[in-house]
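*Asks:* one predicted model, sequence on top.
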Amino acid sequence: MTTLDHKPVNPEVDAIRHHYEVGNDFYRLLLGPAMMYSGGYWNEGEDLRAAHDEAQYRKLDAFITNANAVGADKVLDIGSGWGTMLDRATTTHGVKKAVGVTLSRTQKEFVDSLGNDKIEIKVESWEDHRTDEPYDAAFCVNALEHFVLASLPPKERVGRFRAFFKQCHSLIKVDGRLVLHMMTIEQPKLSRRLIDDLKFLQREEFQGCYIPHTNELVQAAESLFEIIEIRNERETFSRACRAWLANLADRRDEAVAMQGEEVVQRFERYLDIFAYTLEDKIFNNFRIVLSRNA
Ligand SMILES: C[S@@+](CC[C@H](N)C(=O)[O-])C[C@H]1O[C@@H](n2cnc3c(N)ncnc32)[C@H](O)[C@@H]1O
């Protein structure tokens, strides 16, 4: 496991690092070689684990096409994880330069170790990112769930989503595309179990993270971006969670030896919550393709 300085930074950054700096070896065991931490595009009848990496690359290829980014000069991935999108864009789709932003220092170490000189990773928050030349396209794949604090009053939450779209508007060329994969929530019947599970997600595992209603997102993007396509792909994420749970179950002893029983139990619990809430249609996972207005 990589050892990093654990001095507190600020509560929002600490909350992200609590989850994303568990260690790259642990994430490799959990996520497998593709190192994608989001949904995948499985074909009908494919085995969840055997086809996991292929499903992830299929999704990335689709997103890069959706973003009109094949052969692009410069793209941005906001919340870039272990850099798989950036690597795929530059090695398979002829993108000349790919920039990623993440708050996780261990993720940057991982991406730097790939030795792909077309990739640049910045450890900074989405709102602090600046560029001289606007990007041809941008992606934000299951990261926007982290960008708005649940503790904000409802009106301010939409304001924060709007700040995100304004930031993207300032970073992308006119008519450039933004491709989001993003969870939203329906109006669930609140059972005791669901309340406890949602509290666990928001208070313990992903402190402060807010999953919006779909209309809050749409409202926040209004006039800044035109929505080209919006599609609920909740099964892409529930299947990925099931595949990762199976990876963890198979190699549980190794995972416990790496990170301890408490961390493994946390991951088992939160992955199961995401899987069942997506399967039960409590959470959605939308692909939203947007085009930047003038
Ligand atoms: C669920 S992971 C998704 C990673 C990647 N997009 C993928 O699909 O594998 C969420 C990512 O968002 C990043 N993140 C969370 N809060 C952030 C912030 N305020 N600014 C930039 N990145 C952030 C995390 O560091 C992590 O890389």
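*Replies:* In hand now; what should we look at?

*Asks:* surely residue 33 and residue 56 touch.
*Replies:* No - between residue 33 and residue 56 there is no contact under CB atoms under 8 Å: 9.6 Å. Quick note: C-beta positions are derived from backbone N, CA and C, even for glycine.

*Asks:* neighbour count winner among the two?
*Replies:* Neighbours per residue (other CB atoms under 10 Å) separate residue 33 from residue 56, with residue 56 holding more: 28 against 10.

*Asks:* could you report the pLDDT at that one?
*Replies:* We note a pLDDT of 98 for residue 56 in this prediction.

*Asks:* ok, now how distant is it from residue 232?
*Replies:* As judged by CB to CB, to the nearest Å, residue 56 and residue 232 stand 19 Å apart.

*Asks:* what's the answer for residue 16, then?
*Replies:* 26 Å.

*Asks:* same deal with residue 259?
*Replies:* When residue 259 is compared with residue 232 (using CB to CB), they lie 33 Å apart.

*Asks:* these two: who's more crowded?
*Replies:* residue 259 (18 against 13).

*Asks:* spatially nearest residue to that one (excluding sequence neighbours)?
*Replies:* In space, and not counting its chain neighbours, residue 259 is closest to residue 26: 5.2 Å by CB to CB, 6 or more residues apart in numbering.

*Asks:* which SSE is that neighbour in?
*Replies:* Using DSSP states H and E, residue 26 sits in helix 24-31.

*Asks:* buried sites along that helix?
*Replies:* Neighbour-count burial for helix 24-31 flags 24, 26, 27, 29, 30, 31 (criterion: 16 or more other CB atoms under 10 Å).

*Asks:* closest one to the ligand out of those, please.
*Replies:* Of all the buried residues of helix 24-31, the ligand sits closest to residue 31, with 8.0 Å by CB to the nearest ligand atom.

*Asks:* quick one: the nearest residue to residue 21 once chain neighbours are set aside from residue 83, how far?
*Replies:* In space, and not counting its chain neighbours, residue 21 is closest to residue 106: 4.8 Å by CB to CB, 6+ apart. When distance is defined by CB to CB, residue 106 is 12 Å away from residue 83.

*Asks:* that older thread, hmm, the residue nearest to residue 21 is touching residue 25, no?
*Replies:* No - the criterion here is CB under 8 Å, and residue 106 misses it with residue 25 at 10.0 Å.

*Asks:* quick one, strands of this structure?
*Replies:* Under the criterion DSSP state E, the chain carries strands at the ranges 74-78, 97-102, 119-123, 135-141, 172-185, 225-232, 283-292.

*Asks:* give me the helices and strands touching the second one, please.
*Replies:* Counting contacts by 3 or more CB pairs under 8 Å, 6 or more residues apart in numbering; DSSP states H and E, strand 97-102 packs against strand 74-78, helix 84-92, strand 119-123.

*Asks:* what angle separates that strand from strand 119-123?
*Replies:* 20 degrees (axes from the mean of the first three to the mean of the last three CA atoms, to 10 degrees).

*Asks:* now do strand 97-102, average pLDDT.
*Replies:* 98.

*Asks:* cool, the fourth one as well?
*Replies:* Across strand 135-141, the average pLDDT comes to 98.

*Asks:* one step back: how many neighbours does the residue nearest to residue 21 have?
*Replies:* Neighbour number of residue 106 under other CB under 10 Å is 23.
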